[in-house]
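**Student:** sequence plus predicted model, see below.
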Amino acid sequence: MANYPKIMTTYDGLALISETVASSKALVFTKIVLGDGDIEDQDFRALTDLLSPKMTLPVTGGADIGNGQVQIRAAVSNSALETGFFAKEVGVYAKSGNDGAEKLIAYTNGGNYVDYIPDKSTPIDSQIFKVDVVVGNASNVTIQVKDETFVTKAELDDHNSDPDAHTAAIDKHNKDENAHNGILQKVATLGESVLQKLALTTTISAINALQTNSWFGQLLKMVLTASGVRYNIEQNGYICLGSFFGGLIIQWGTFKESSSKTDYRHYPLTFSNEVLSFAIAKNYYSGDAGETYSKDYCPWVLVYDTYSFICGMGPDLTGDAHPEIIFIGR
């Protein structure tokens with residue numbers, strides 16, 4: 001098993017990092033190179049290239065690991081290697097921005113404690129080579145991945161764990177008017193099946209199902225909710241019967257008489273399309289009109305639109321009466 005000493009940032013690497021910080025350009029990692037050169041007593045940091053480069057590794061990805069360091073990942077494969085070698089040298093190359101010249105930014109040499117990489121006649125399983133590189137104050141670091149680089153499991157896991165990784169694909173899918181045809185058809189078919197079962201179910205049985213956690217009760221609630229069924233059982237309330245019943249809405253309430261032609265009253269729920277009909281009854285009055293007022297005058301309603309109306313008792317708008325009204329619409 002290979003045992004490399006800590007990788008060192010070269011003098012060119014230090015200068016490159018300073019250049020990117022000063023110019024606000026990205027520090028772009030481009031490749032990792034392996035070689036079989038012997039370093040002997042040379043200064044690692046003074047090198048500008050590998051002593052004996054043998055294999056260039058395509059960069060597959062990288063990550064910020066904190067403390068001014070990034071981890072560069074590269075794929076090792078001998079599928080195109082003509083001559084085997086001992087992978088003593090490891091060099092990491094980078095550049096300033098997209099147009100800068102590649103420079104050896106970091107280097108290490110494992111000497112005799114390294115692995116042998118055979119030529120292509122002895123295929124090996126592709127492996128991932130990881131190198132941690134010090135980048136200091138460089139805040140804008142990017143990884144240049146070539147088109148022919150295959151995706152490793154690590155890169156795929158990183159991609160899939162990114163909450164924004166698939167935003168574009170999801171948006172494109174959701175904007176496709178045919179994207180959900182299959183599931184909508186299944187929901188429609190399911191709704192029809194539930195309604196058929198409901199048609200064969202007594203009212204009491206249906207109410208009991210809705211009040212339990214039985215599979216039919218839960219399914220019935222889901223279908224009714226999805227079709228737009230909702231309600232508010234109060235003194236002034238409503239029931240929306242949903243799309244399976246033509247969007248019919250029934251509303252009711254006790255409303256104080258309008259005091260003028262513009263003193264509007266409002267339905268508990270705005271109708272989506274139109275008011276179809278209404279029924280009105282006397283309830284009670286307040287004020288000084290006396291009992292004759294209640295006996296002699298009929299209650300009335302004038303519908304203005306899908307959200308407002310005026311109502312009264314008799315020809316005078318006194319604001320004293322409180323008619324009870326039922327509205328039907330959709």
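**Tutor:** Here it is on my side, so go on.
**Student:** in terms of pLDDT, where does the closest residue to residue 266 other than its chain neighbours sit?
**Tutor:** Once flanking residues are discounted, residue 266 sits nearest to residue 308: 5.4 Å by CB to CB, 6 or more residues apart in numbering. Yep, even glycine has a C-beta here, placed from its N, CA and C like the rest. At residue 308, the pLDDT value in this model is 93.
**Student:** and the helices in this protein?
**Tutor:** Along the chain, counting by DSSP state H, helices occupy 11-23, 153-161, 167-175, 181-199, 203-210, 215-226, 291-296.
**Student:** lowest average confidence across these, which one?
**Tutor:** helix 291-296 (a mean of 50).
**Student:** contacting residues for residue 5?
**Tutor:** 108-110 (CB atoms under 8 Å, 6 or more residues apart in numbering).
**Student:** ok, the closest residue to residue 143 other than its chain neighbours to residue 29 distance?
**Tutor:** Nearest non-adjacent residue to residue 143, counting by CB to CB, 6+ apart: residue 62, 4.2 Å away. Separation of residue 62 from residue 29 (CB to CB, to the nearest Å): 6 Å.
**Student:** now do residue 274
**Tutor:** From residue 274 to residue 29 the distance is 66 Å (CB to CB).
**Student:** tell me which of the two has more neighbours.
**Tutor:** residue 29 (26 against 10; other CB atoms under 10 Å).
**Student:** right, and the more buried one touches residue 141 too?
**Tutor:** Yes: between residue 29 and residue 141 there is a contact under CB atoms under 8 Å: 7.3 Å.
**Student:** hmm, back to that, now which of the contacts of residue 5 would you call buried?
**Tutor:** With burial judged by 16 or more other CB atoms under 10 Å, the buried subset of these is 108-110.
**Student:** and which of the residues you listed is nearest residue 250?
**Tutor:** residue 108 (79.7 Å; CB to CB).
**Student:** how about that closest one: what's its closest non-neighbour residue?
**Tutor:** residue 7 (4.1 Å).
**Student:** all good on my end, thank you.
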